[in-house]
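1. take a look and give me a structure for this.
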Amino acid sequence: MNMEQFCDLHTHSVYSDGTVSPAEIIRLAKNAGLAAVALCDHNTIDGLAEFVTAAKNTGVEAVPGIEFSTDYLDGELHILGLFIPENAYDAVSEKLQEVLARKEQSNIDLINRLQNIGIELDYDAIKSGMPGGMVNRAVIAAEMVRKGYVSSIKEAFSGVLSPKKGYYHPPKRIDVFEAIQFIRSIGAVSVLAHPFLNLNEDELCIFLKNAVQCGLDGMETHYSTFTAEETAAACRIAERFDLLQSGGSDFHGANKPNICIGTGKGNLRVPTDFLEMLKSSAKNEL
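-> Below is the predicted model of the structure:
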């Protein structure tokens, strides 16, 4: 099988909750024989300049992206923006300012509550250890693992970091439909990430009726943790709503040690046909 026929349109770096640099993502993608890779850090584009520069003369196409955490009903959905043009970076950063301020206050409040029950964490130290200063629950969970309070990030998320436990209060996020419209307004391509992690089939179809009207371009149909049945269902639903298909590993480095760039858990294959169709939907010249 020629790996150059495949791509990975969903990865994360140290600028959000991954553990490798943007340049390392390019190196790993090249070693995996990928034709293209997208960097989609959570609510930040701080790593994109390094990412795009590192890809030059490597034969790997760098797709500048972002993953917006958004509010939908009483839950959370993630929307990818792919093919973000460099001339829109300032607009994206400005859009995120208030969102990130609310997120930081949520982080500080969380750590204060954890300190009250004997979990000693230093927010300033955690933040200074992140290249872009970005902190989220995964970063806090990793620090809890490092300090021995939990044995894994998964344990932290199912324990004290779960909203159900009362210590973590999610910040107000950008509205999902607002995020979709914004992504399209800057000439990028909007993609619903890992739909079945947040919605069942019926809920997904209800959401898509409104999302398509707001300009949603595509949906991840190929994803590391999807079963064959889920992938088939996602493909069927994407076709029903005339959405472009996308896919990616959701690589986070050591924070998701069983997920590899390009292949996910071993069976992921995202065809470059997806890449080309998505690229043709972008309204910018990269």
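2. outside of the host helix or strand of residue 184 itself, list whatever touches it.
-> Using DSSP states H and E, residue 184 falls within helix 176-185. Outside helix 176-185, the residues that touch it by CB atoms under 8 Å, 6 or more residues apart in numbering are 68, 70-72, 77, 79, 81, 95, 174, 189-190, 210-211, 214-217, 283. The way it works is simple: take the backbone N, C-alpha and C, and place the C-beta from them, glycine included.
3. in it, what's buried?
-> Using 16 or more other CB atoms under 10 Å as the test for burial, helix 176-185 gives 176-180, 182-184.
4. and the helices in the stretch 101-250 of the chain?
-> For the stretch 101-250 of the chain, the helices defined by DSSP state H, counting those that start in this stretch occupy 123-128, 137-146, 153-158, 176-185, 201-214, 228-240.
5. so for the second one, mean pLDDT?
-> Predicted confidence along helix 137-146 averages 94 (mean pLDDT).
6. and the longest one, by the same measure?
-> With pLDDT averaged residue by residue, helix 201-214 scores 97.
7. and it with helix 228-240, angle?
-> Calculated by axes from the mean of the first three to the mean of the last three CA atoms, to 10 degrees, helix 201-214 forms an angle of 30 degrees with helix 228-240.
8. which other helices and strands contact helix 201-214?
-> helix 176-185, strand 189-192, helix 228-240 (3 or more CB pairs under 8 Å, 6 or more residues apart in numbering; DSSP states H and E).
9. residues near the closest residue to residue 247 other than its chain neighbours, how many?
-> In space, residue 247 comes closest to residue 222 once its chain neighbours are excluded; the distance is 2.8 Å by CB to CB, 6 or more residues apart in numbering. Using other CB atoms under 10 Å, the number of residues around residue 222 comes to 25.
10. got a list of what residue 222 touches?
-> 231, 234, 245-248, 268-270, 274.
11. need the max-distance pair from these.
-> With distances taken as CB to CB, the most widely separated pair in those is 234 and 269, at 14.4 Å.
12. hmm, back to that, need the helices of the stretch 101-250 of the chain in JSON lines with distance to residue 19, can you?
-> Shown next, in JSON lines, are the helices of the stretch 101-250 of the chain (distance: least, CB to CB, whole Å):
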{"stretch": "helix 123-128", "distance to residue 19": "14"}
{"stretch": "helix 137-146", "distance to residue 19": "8"}
{"stretch": "helix 153-158", "distance to residue 19": "11"}
{"stretch": "helix 176-185", "distance to residue 19": "26"}
{"stretch": "helix 201-214", "distance to residue 19": "31"}
{"stretch": "helix 228-240", "distance to residue 19": "27"}
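13. minimum distance to residue 51: which of those helices has it?
-> The nearest among the helices of the stretch 101-250 of the chain, by CB to CB, is helix 176-185 at 18.1 Å.
14. surely residue 216 touches residue 246?
-> No: look at residue 216 against residue 246 with CB atoms under 8 Å: they stay out of range, at 11.3 Å.
15. who touches both of the two?
-> Residues touching both residue 216 and residue 246 comprise residue 191, with contact defined as CB under 8 Å, 6+ apart.
16. state the distance from the residue nearest the centre of the chain to residue 197.
-> Against the mean C-alpha coordinate of the chain, by CA atoms, centre = their mean, the closest residue is residue 67 at 4.1 Å. Distance, residue 67 to residue 197, using CB to CB, to the nearest Å: 12 Å.
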